[in-house]
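Asks: based on what follows, work out the 3D shape:
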Amino acid sequence: MTGEKRMFSSYVKNKDSQDSIIFGDGNQGKVKGLGKIAISNEHSISNVFLVESLGYNLLSVSQLCNMGYNCLFTNVDVSVFRRCDGSLAFKGVLDGKLYLVDFAKEEAGLDACLMAKTCMGWLWHRRLAHVGMKNLHKLLKGEHVIGLTNVCFEKDRPCAACQAGKQVGSSHHAKNVMKTSRPLELLHMDLFGPVAYLSIGGSKYGLVIVDDFSRVTWVFFLQDKSETQGTLKRFLRRAQNKFELKVKKIRSDNGSEFKNLQVEEFLEEEGIKHEFSAPYTPQQNGVVERKNRTLIDMARTMLGEFKTPECFWSEAVNTACHAINRVYLHRLLKKTSYELLTGNKPNVSYFRVFGSKCYILVKKGRNSKFAPKAVEGFLLGYDSNTKAYRVFNKSSGLVEVSSDVVFDETNGSPREQVVDLDDIDEEDVPTAAIRTMAIGDVRPQEQLEQNQPSSSTMVHPPTQDDKQVPRVEAHDQGGAQDVQVEEEEAPQAPPTQVRATIQRDHPVDQILGDISKGVTTRSRLVNFCEHYSFVSSIEPFRVEEALLDPDWVLAMQEELNNFKRNEVWTLVPRPKQNVVGTKWVFRNKQDEHGVVMRNKARLVAKGYAQVAGLDFEETFAPVARLESIRILLAYAAHHSFRLYQMDVKSAFLNGPIKEEVYVEQPPGFEDERYPDHVCKLSKALYGLKQAPRTWYECLRDFLIANAFKVGKADPTLFTKTCDGDLFVCQIYVDDIIFGSTNQKSCEEFSRVMTQKFEMSMMGELNFFLGFQVKQLKDGTFISQTKYTQDLLKRFGMKDAKPAKTPMGTDRHTDLNKGVMHIFRGSYATT
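Replies: All right, here's what the predicted structure looks like:
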């Protein structure tokens, strides 16, 4: 019996019974109910009374024996066993003349060991790049690696990151046949890409090479397909020299990067046979094709676990390659790829969770004795040239190599995600990669030789401690980094179970505010807060301030990636001509409610320094009139079709300029090799006086080439008629609104524009030039709520009490012509 109701796992209230218990002091306690108390996950005690005012919990030995337990009493403790199987249920200790049992402690003691092993098992699953549980069991059972602790793996427990990153359909079984007898006898190779965005190192392709015998995998990141030939030559020479083995054959598809005169001449000299898969038959090169999918699936999973920015995709691919070379077992030989190639078991004790928080020791450059000795960052992988980790320093915005790192692998543990299609942001982030050729890299606790990094560089923001901090250029470190999986058993995830957002019909009397604006539930608010935590709401005034914020550093890097992708300029020695300065402009892009959606960094030219007739000629560019936009909205409402909106990213960078213009290098991103060089423009830059006109001419010519006609009254209005359907397009600099009486025409227009320019598709028109637009069945409605809120904030009245009229209605005033308006200046500006 007990007096504590909270101890019960199940309980039935005793309403009618008048039973009571007499205590030793003569007082009585009423029996309030009967229930069950769980003493562990497997054991419980039934028929326990809840007694009012009982100060102690009492356990009857005779009732325990009647319930199927045996009790063993000694002079120090008591042990209670289950009679059916002899298992220990719980223990107690002698305290005076009573035996005391702490059920909470007993439960923790019985389960702690298994729980600890299970949690550590899942930590190793995340450390080893989310390798499948079946493969981890094989590694542990066969002792194929060094450093993997004796842990327990739950086979049936789903991993949210694996579900999101690796879900696939049913697979076809591989053939259990060995076609080669030694490493490097046959190499499979393939090129994946181009990735939609350039990496920080400027790469957009990945060259994957797989050894048929050991399944060792190497990954190299390339800026262009043409680099494949040089990379392949260097790899084959170094591989044959390092492992003292001859490459007999290589197998690839019929891509021009492999099938060309330069590669064939080299292979002829080396005596290497080149095999090709049949056209449009990737199955014949299935080993490397499957490897590509494994690498990308694992990289996607690792990026998704801690919401690591996608600009580190190549670091994730590199780390995935490093992991699978050391943890996947060959289907037939039952050894890791690393052991098959080197003869040694791999050591995985230094592995840490990709993207996890870390603290990096600052060895030099601290300005004060009391300055922090460590800065925060997150893990990107393992360096190829030293026994150290590759980490991202959030303070400097740089990728650094350091061995003095402390990891917090518990941060940001994945939560259950509520997927709402309305909340998905389709706008991608610029990608990053790592570029280094390596054959058997160096890792902490493990040494293999590594090849020299390629010469590709990318400018980085400097910090105050640039000369002291070990600096890593943004090339793409890849290569022989790892020894990878066999094609056999790549990680498979069980069917994805996605929780959909439940839409509730809320009672009208419980809704506060305007019903037409929809209801914000708590789950929606959580998603909003998660998004808001990944953007900075403060707009910096100086580039030095922006460089201290990782969010703005990524925004600036994205802008520079756009410059490189559009080939805006060329770095040249400083000429004698006029050189225009540049500056950074930082703005937060907001939605119609004023919520910050994205940090936008814009590099602009100081156009006021341009010389007329020398740096520019004509500058006029037509801009849409508000009257035209209102007429277009009315026309669309009248003909019952929707208007949509799109935005051209870095629009001015698409327009070629005729004049010879030079600008300074971006502040904070000067090239360390050529700090005195300047940029010769081949495309227009924001801030140049001719930039708007150049962009308008570029877009106008493109639309005319696609059968559009320029409006006679408004040159920013373009129309197109096809089979009786009208398509209209209104241009306002880089913002475009469009619509058609035929929905397929809108889809085709979006496709054509996306092929020519880099676009942001923004869906239906809802916010344009300060107007909030609602397209409803009853008509189209325009308002300026955001402008009104900004106005109130500007004059310090955002928290003022709202009123229907700005002045009191209970007073009547007459016109007095003799009064001077002494306060007119204070309110006339509003």
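
Asks: measure Trp122 to Thr721 for me?
Replies: Relative to Thr721, Trp122 is positioned 61 Å away (Cβ to Cβ, to the nearest Å). The way it works is simple: take the backbone N, C-alpha and C, and place the C-beta from them, glycine included.

Asks: buried residues in stretch 630-641, which are they?
Replies: Leu632, Leu633, Ala636, Ala637, Phe641 (16 or more other Cβ atoms under 10 Å).

Asks: from those residues, which land in helices?
Replies: Leu632, Leu633, Ala636, Ala637 (DSSP state H).

Asks: which of Trp122 and Thr721 has more residues huddled nearby?
Replies: The neighbour count for Trp122 versus Thr721, taken as other Cβ atoms under 10 Å, is higher for Trp122 (17 against 12).

Asks: my impression was that that one belongs to a strand - is that right?
Replies: No - under DSSP: H, G, I helix; E, B strand; the rest coil, Trp122 sits outside any strand and is assigned helix.

Asks: tell me the pLDDT at it?
Replies: Listed pLDDT for Trp122 reads 71.

Asks: swap in Lys249?
Replies: Per the predicted model, pLDDT is 93 at Lys249.

Asks: and after the one helix or strand in the chain whose mean pLDDT sits lowest, which helix or strand comes next?
Replies: None of the helices or strands of the chain scores lower by mean pLDDT, DSSP states H and E than helix 522-532, at a mean of 42. On the C-terminal side of helix 522-532, the nearest following helix or strand under DSSP states H and E is helix 543-546.

Asks: on contacts alone, who are the packing partners of that next one?
Replies: For helix 543-546, the elements it packs on are helix 550-565, strand 582-590, judged by 3 or more Cβ pairs under 8 Å, 6 or more residues apart in numbering; DSSP states H and E.

Asks: so for the helix or strand just after the first one, mean pLDDT?
Replies: Proceeding N to C from helix 550-565, the next assigned helix or strand is strand 569-572, under DSSP H and E. In this model, strand 569-572 has an average pLDDT of 90.

Asks: what lines up beside the helix or strand that strand 569-572 is followed by in the sheet?
Replies: Note on strand 569-572: by DSSP H and E, the next helix or strand toward the C-terminus is strand 579-580. The pairing partners recorded for strand 579-580 under DSSP bridges are strand 662-663 (parallel).

Asks: roughly how far out does the next helix or strand after the strand it pairs with sit from the chain middle?
Replies: Using DSSP H and E, the helix or strand that follows strand 662-663 in sequence is strand 678-681. Here strand 678-681 is found 34 Å from its chain centre; the criterion is Cα atoms, centre = their mean, to the nearest Å.

Asks: helix/strand/coil for the closest residue to Leu329 other than its chain neighbours?
Replies: Leaving out its chain neighbours, the residue that sits closest to Leu329 by Cβ to Cβ, 6 or more residues apart in numbering is Lys138, at 5.2 Å. Recorded secondary structure, Lys138: helix (three-state DSSP).

Asks: so who does Lys138 touch?
Replies: Contacts for Lys138 (Cβ atoms under 8 Å, 6 or more residues apart in numbering) come out as His144, Leu329, Lys334.

Asks: run through the residues that contact the spatially closest residue to the first one that is not a sequence neighbour.
Replies: Okay, so that is His144. Nearest residue to His144, sequence neighbours excluded (Cβ to Cβ, 6+ apart): Thr336, at 5.4 Å. By Cβ under 8 Å, 6+ apart, Thr336 lies in contact with Leu139, His144, Val145, Asn325, Arg326, Val327, Tyr328, Leu329, His330, Lys345, Pro346, Val483.

Asks: give me that answer again for 7 Å
Replies: The contact partners of Thr336, taken as Cβ atoms under 7 Å, 6 or more residues apart in numbering, are His144, Val145, Arg326, Val327, Tyr328, Leu329, Pro346.

Asks: ok so, going back, format the ones in helices among the buried residues of stretch 630-641 as JSON lines; extra columns: distance to Glu227 and pLDDT.
Replies: As requested, those are exported to JSON lines (distance: Cβ to Cβ, whole Å; pLDDT from 0 to 100):
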{"residue": "Leu632", "distance to Glu227": "48", "pLDDT": "87"}
{"residue": "Leu633", "distance to Glu227": "50", "pLDDT": "88"}
{"residue": "Ala636", "distance to Glu227": "49", "pLDDT": "88"}
{"residue": "Ala637", "distance to Glu227": "54", "pLDDT": "88"}
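
Asks: which helix or strand contains Leu332?
Replies: Per DSSP H and E, there is no helix or strand for Leu332.

Asks: report the mean confidence score over stretch 75-91.
Replies: On average, stretch 75-91 scores 81.

Asks: please report phi then psi for the closest residue to Tyr205 other than its chain neighbours.
Replies: Closest residue to Tyr205 in three dimensions, ignoring its sequence neighbours and counting by Cβ to Cβ, 6+ apart: Gly193, at 3.7 Å. When read as degrees, to the nearest 10, the backbone of Gly193 gives phi 130, psi -180.

Asks: show me the helices in the stretch 1-150 of the chain, by range?
Replies: Under the criterion DSSP state H, counting those that start in this stretch, helices of the stretch 1-150 of the chain are mapped to 61-66, 103-127, 133-142.

Asks: which stretch in these is the model least sure about?
Replies: Across these, helix 103-127 gives the lowest mean pLDDT, at a mean of 58.

Asks: neighbours around Lys589, how many?
Replies: 13.

Asks: ditto for the one 10 residues further on
Replies: Taking other Cβ under 10 Å as the neighbour definition, Asn599 ends up with a count of 25.

Asks: residues near Arg625, how many?
Replies: So Arg625, with other Cβ under 10 Å, has 15 neighbours.

Asks: mind pulling the model confidence for it?
Replies: pLDDT at Arg625 comes out at 81.

Asks: now do the phi/psi pair for it.
Replies: phi -90, psi 150.

Asks: pretty sure it is touching Ala713, no?
Replies: No - counting by Cβ atoms under 7 Å, Arg625 sits too far from Ala713 to count as a contact (9.2 Å).

Asks: and the gap between Val208 and Ile272?
Replies: Counting by Cβ to Cβ, the gap from Val208 to Ile272 is 18 Å.

Asks: neighbour count winner among those two?
Replies: Legend: neighbour count by other Cβ under 10 Å for Val208 and Ile272, higher for Val208 (24 against 17).

Asks: residues near Lys364, how many?
Replies: Counted with other Cβ under 10 Å, Lys364 comes out at 9.

Asks: separation between it and Phe370?
Replies: Taken as Cβ to Cβ, the span from Lys364 to Phe370 is 16 Å.

Asks: so what's Asp725 up against?
Replies: Contacts of Asp725 by Cβ under 7 Å, 6+ apart are Ser740, Thr741, Asn742, Ser745.

Asks: nearest spatial neighbour of Lys259, skipping sequence neighbours?
Replies: According to Cβ to Cβ, 6+ apart, the nearest residue to Lys259 is Phe276 (6.8 Å).

Asks: surely that neighbour touches Ser252?
Replies: Yes - with contacts counted by Cβ under 7 Å, Phe276 reaches Ser252, the gap being 6.5 Å.
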